[in-house]
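A.B. asks: Build the 3D model from these lines:
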Amino acid sequence: MKLWPTLGVAFLLIAAWGTSMRLSWSLGRENARNEAQASALKSTVDNLNIISTRVQDMQQVLAQLRVENQQRKSGRRGQT
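C.D. replies: Next up, the predicted model:
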């Protein structure tokens, strides 16, 4: 008669172990997915930082060209 409770406990232990393995596998997949997304986001941030730096460089060049253009216009007015 003690066989059935022992088998029941063994079944519950095996079921719990199987659930634990599935959960571990699922969490591992989720972790890998999150790491891939984090890597993609980091790459995007790096690209945006590069673009932002280039835009700032272009703004500085445009500001310098405006100054030079203004100086040329002022020089022409003085000659006429």
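A.B. asks: Remind me which helix or strand the residue nearest in space to the middle of the chain belongs to.
C.D. replies: What sits nearest the mean C-alpha location of the chain, by C-alpha atoms, centre = their mean, is Leu41, with 1.5 Å. Using DSSP states H and E, Leu41 falls within helix 3-79.
A.B. asks: Now do that helix: which elements does it pack against?
C.D. replies: Contact partners of helix 3-79 among helices and strands, from 3 or more C-beta pairs under 8 Å, 6 or more residues apart in numbering; DSSP states H and E: none. Where you see a C-beta, it was placed from the backbone N, CA and C, and this is true even at glycine.
A.B. asks: show me the contacts for Leu62.
C.D. replies: Taking C-beta atoms under 8 Å, 6 or more residues apart in numbering, we find Leu62 in contact with no residue.
A.B. asks: Show the pLDDT at it.
C.D. replies: As predicted, Leu62 sits at a pLDDT of 97.
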